[in-house]
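> Next comes the sequence, and after it the predicted model I'd like to discuss.
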Amino acid sequence: MSFSNEWDEVYDKNLQLTSWPWSDLVSLVYRHCGGAISRNGLVFELGCGAGPNIPFIQSLGMSYYGVEGSEDAVTKIHQKFPELREKVIGCHFAEAFMLLRIIQ
């Protein structure tokens, strides 16, 4: 169940399918984490969209979890990254605490 029909329509029509991480994200990770990036680390992304940051996080050797309000976007992530079926869920962001329980 999506919490946003508008975003579902955007993802359904392939209008927002960025496939690379935002350069700001990459810069901020290296600037603020630098040598402290842990290959056993964990990233929990709220509003992961179509998953453009996933390959970057995986390249760092970190575990990835995400929450997205559009079921259509989550379906696309699951198709592209089947190993994340249990780690990326579609829900209202207020319900994200459920995923945090799984992580712990």
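Okay, I see it.

> In contact with residue 72, which residues are there?
Counting by Cβ atoms under 8 Å, 6 or more residues apart in numbering, residue 72 touches 2, 7-8, 11-12. In short, each C-beta sits where N, CA and C put it, glycine included.

> Residue 96 reaches residue 67, doesn't it?
Yes. Taking Cβ atoms under 8 Å as the definition, residue 96 is a contact partner of residue 67 at 4.6 Å.

> of those two, who's got more company?
A side-by-side neighbour count of residue 96 and residue 67, using other Cβ atoms under 10 Å, places residue 67 first with 22 against 16.

> and after the helix or strand that contains the more buried one, which helix or strand comes next?
Assessed by DSSP states H and E, residue 67 sits inside strand 63-68. Sequence-wise, the next helix or strand downstream of strand 63-68 (DSSP H and E) is helix 71-80.

> Please enumerate the strands of this structure.
42-46, 63-68, 88-90 (DSSP state E).

> JSON lines for those, including mean pLDDT and distance to residue 27?
Shown next, in JSON lines, are these (pLDDT from 0 to 100; distance: least, Cβ to Cβ, whole Å):
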{"stretch": "strand 42-46", "mean pLDDT": "89", "distance to residue 27": "16"}
{"stretch": "strand 63-68", "mean pLDDT": "92", "distance to residue 27": "19"}
{"stretch": "strand 88-90", "mean pLDDT": "90", "distance to residue 27": "24"}
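
> would you list the ones you listed in CSV and tack on distance to residue 21?
Below are the strands of the chain laid out as CSV (distance: least, Cβ to Cβ, whole Å):
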stretch, distance to residue 21
strand 42-46, 11
strand 63-68, 12
strand 88-90, 16
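
> Leaving out chain neighbours, which residue sits closest to residue 18?
residue 52 (4.4 Å; Cβ to Cβ, 6 or more residues apart in numbering).
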